[in-house]
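Asker: Output the structure for:
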Amino acid sequence: MNTEKKQTSKNDYEKALSSFGSAMKYFHKDDLDKAKQSLKDFVKSHSEEKELLDRAKIYLEIIKQRETKDSIPLKSFEDYYQQGIFRLNQGRYEEAIDFFQKANKKKPNQGKIYYGIANAFCLMGEKEKCMANLRKAVSLDKFYAILAQNEADFSEFMEDEEFSSIFDE
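Answerer: Next up is the predicted model:
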């Protein structure tokens, strides 16, 4: 019975990942209408996938910002976090880190902040800072261990012993 539960959970996660990936294809092709609809459908269908759900909501916010073109004043933790993700996706890594750090001041010790910072440092090729922040993210929420091991942005370090050791702690 327990094995069936794990298999069902894994299948649900794979379906969610596939659905999210389809929405991202539209997003990266700048087909914002299809991306928006796909992401809305994803949010309705996969509410149990915490991290993917957070990302879907972030991308919906990015689409909203692109559609309105108005600048939104940043006030809350979520505002700064979403702006960090937006900058990360634009390849503006130092700005992303700055927004993540501002979010961290609003609501300290959130795993997703350290994960975002780790991701930015990884993409910048700064291994030590990447690993330190990834270690902190995983220590705050074990979910980031699963996510990091499946994140293409970390592929440069996946064979690295230090990277693997983070998940053994």
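
Asker: what residue ranges in this protein are flagged as low confidence?
Answerer: The chain contains residues with pLDDT under 70 at 1-9, 68-72, 169.

Asker: Tell me where it has helices.
Answerer: Counting by DSSP state H, the chain has helices at residues 2-28, 32-45, 50-68, 77-90, 93-106, 111-123, 127-140, 143-149, 161-166.

Asker: Just name the most buried of those helices.
Answerer: Greatest average neighbour count among the helices of the chain goes to helix 111-123 (a mean of 24), per mean count of other CB atoms under 10 Å. All C-beta atoms are positioned from the backbone trio N, CA, C, and that covers glycine.

Asker: Can you tell me which helices and strands that helix packs against?
Answerer: Packed against helix 111-123 by the contact rule (3 or more CB pairs under 8 Å, 6 or more residues apart in numbering; DSSP states H and E) you find helix 77-90, helix 93-106, helix 127-140, helix 143-149.

Asker: Pick out the residue nearest the middle of this protein.
Answerer: In the chain, the residue lying closest to the centroid (CA atoms, centre = their mean) is R55, at 5.4 Å.

Asker: Distance to F157 added to the helices and strands packed on helix 111-123, as TSV?
Answerer: Formatted as TSV, those follow (distance: least, CB to CB, whole Å):
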stretch	distance to F157
helix 77-90	17
helix 93-106	16
helix 127-140	6
helix 143-149	9
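
Asker: Out of those, flag the one nearest I63.
Answerer: helix 77-90 (10.6 Å; CB to CB).

Asker: picking up where we left off before, quick one: the residue nearest to the centre of the chain and A23 touch, right?
Answerer: No - the pair R55 / A23 is not scored as a contact, 9.8 Å apart, by CB atoms under 8 Å.

Asker: which residues does the nearest residue to F86 once chain neighbours are set aside contact?
Answerer: Nearest residue to F86, sequence neighbours excluded (CB to CB, 6 or more residues apart in numbering): I62, at 5.3 Å. By CB atoms under 8 Å, 6 or more residues apart in numbering, the contact set of I62 is 82, 85-86, 89.
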